[in-house]
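>>> The following comprises the amino acid sequence and a computationally predicted model.
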Amino acid sequence: MKHLLFLSLCVLTLLGAGCSQQSESQEPATLALTSGGPLAGFLERIPKAPFTTRYYARRRIVQNHMRAGGVPQVFEYTERVWSNGQGGFRVEPEQLIQPTLSASQTNLFLLLQSAREGFMYRVRDFRVQDLRLFLRGYQLQIIGSHLAVAGQACERLRVTSSGASGYHELDVAPQTGLILRCVEFDANGSELGRMETLEYNSTPDLSQVTLYQDLPVQDLDLANTQPQLGFQLRAPGFIPSSYELVKAERVDLANETWARLSYTDGAEQVFFLHRRIGGGLTATDPLAKHNLRVFTVGPWTMLDATVNNHRFLAAGRLGKDQLQLMVESAIP
């Protein structure tokens with residue numbers, strides 16, 4: 001169990017480290033609502049808003065997990081968030097509301113949330129990553145105007161993916177583009193999870209706030225990865241439908257060098273990571289020549305595979321089968 005927790009922490013650290021704030025599309029986006037008429041200009045601000053807006057927020061997070069045997073479990077907690085408007089941020093877990101755990105288990109949960117800081121801020125919540133791809137694969141409707149979230153006037157958007165049966169409702173502050181409330185629903189309208197701002201301050205004092213420190217990340221030249229990585233990247237031949245590659249990077253963690261490829265459909269993200277392992281592994285080594293582990297963190301599925309001294313990680317809000325196809329298509 002401890003090894004699995006450590007593994008999930010390492011994977012989430014790699015996923016959240018230095019992720020690009022948004023991808024830059026070369027094609028112009030067409031801003032239009034499904035109901036017709038121009039979409040308010042604040043949509044263009046949404047991708048950058050978490051990194052260009054100076055603010056403090058206290059937020060409530062509700063996540064519905066599915067345990068073994070199909071038994072649902074709800075995690076509800078609060079967190080405090082700061083952003084300096086120049087790319088720096090901090091996420092501080094505050095209180096676990098449910099489930100009811102022992103003091104030691106509660107402290108462990110909050111500690112793990114702290115350690116996942118980059119993932120929590122950049123990746124965990126539904127967000128517009130690439131406006132061009134987003135408008136190609138998602139339908140938008142304004143279903144409410146001048147709604148108040150933590151004292152801020154918001155427009156409510158309903159977001160529906162062409163490839164999914166559920167939908168999201170986003171409450172967006174037009175002036176900044178910040179999403180202050182996000183609720184996910186299934187096809188029947190049952191709530192699956194939410195991020196909700198409880199308190200908001202647009203002029204926070206950050207003098208005593210220690211901002212998140214990133215891992216070293218470098219853009220990766222896919223034409224020849226050997227000089228940057230020390231090995232040739234094994235990229236997946238299979239990419240999930242509607243996803244495109246938007247970023248290739250080198251990430252360094254604990255004296256390990258990884259290649260990280262980031263894919264998005266405009267909102268959701270899929271990550272694929274690869275590194276070369278030195279020879280000499282034995283059958284009893286945790287990283288034996290053929291090894292596959294699957295674990296989940298909330299709605300995220302993560303695969304950790306080792307094949308012939310190559311280690312692969314694939315992660316996203318997708319089923320195990322699609323992530324496994326990505327890994328299998330990259331195996332040398």
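Right, received. Where do you want to start?

>>> Only C-alpha atoms from now on, for both contacts and neighbour counts.
OK.

>>> does residue 273 sit in a helix, a strand or a coil?
strand (DSSP: H, G, I helix; E, B strand; the rest coil).

>>> What pLDDT is listed against it?
If you check residue 273, the pLDDT there is 96.

>>> Same question for residue 289.
59.

>>> roughly how far apart are the most centrally placed residue in the chain and residue 74?
Nearest to the geometric centre of the chain sits residue 123, at 1.9 Å (Cα atoms, centre = their mean). In this view, residue 123 and residue 74 are 20 Å apart by Cα to Cα, to the nearest Å.

>>> just residue 98 next, same as before
Distance from residue 98 to residue 74, counting by Cα to Cα: 7 Å.

>>> okay, the two: which has more neighbours?
More neighbours surround residue 74 than the other of residue 98 and residue 74, with 17 against 13 (other Cα atoms under 10 Å).

>>> correct me, but that one touches residue 64?
Yes - the criterion here is Cα atoms under 8 Å, and residue 74 meets it with residue 64 at 4.5 Å.

>>> now the helices: where do they sit in this structure?
With DSSP state H as the criterion, the chain has helices at 2-16, 49-52, 103-115, 117-122, 131-137, 226-229, 320-328.

>>> Now stretch 223-241: buried residues?
In terms of neighbour count (16 or more other Cα atoms under 10 Å), stretch 223-241 has its buried residues at 225, 228, 229, 231, 232, 233, 234, 235, 236, 239.

>>> Residues in contact with it: which ones?
Contact with stretch 223-241 is made by 220-221, 250, 257-259, 272, 274-276, 322, 325-332, as judged by Cα atoms under 8 Å, 6 or more residues apart in numbering.

>>> now the helices of the chain as CSV including distance to residue 90 and mean pLDDT?
Converted to CSV, the helices of the chain look like this (distance: least, Cα to Cα, whole Å; pLDDT from 0 to 100):
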stretch, distance to residue 90, mean pLDDT
helix 2-16, 13, 62
helix 49-52, 11, 96
helix 103-115, 9, 90
helix 117-122, 7, 92
helix 131-137, 25, 90
helix 226-229, 30, 95
helix 320-328, 30, 95
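
>>> Mind putting those helices into CSV with distance to residue 155?
As requested, the helices of the chain are arranged in CSV below (distance: least, Cα to Cα, whole Å):
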stretch, distance to residue 155
helix 2-16, 28
helix 49-52, 15
helix 103-115, 30
helix 117-122, 22
helix 131-137, 18
helix 226-229, 45
helix 320-328, 35
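
>>> Setting the sequence-adjacent residues aside, check what's closest to residue 43.
Leaving out its chain neighbours, the residue that sits closest to residue 43 by Cα to Cα, 6 or more residues apart in numbering is residue 177, at 6.6 Å.

>>> same thing with residue 290?
Residue 290's closest residue in space is residue 307 (Cα to Cα, 6+ apart), at 4.7 Å.

>>> and if you look at residue 106?
In space, and not counting its chain neighbours, residue 106 is closest to residue 96: 6.8 Å by Cα to Cα, 6+ apart.

>>> and the closest residue to residue 210 other than its chain neighbours, how far is that from residue 275?
Using Cα to Cα, 6+ apart and skipping residues adjacent in sequence, the residue nearest residue 210 is residue 90, 7.1 Å away. To residue 275, residue 90 is 29 Å away according to Cα to Cα.
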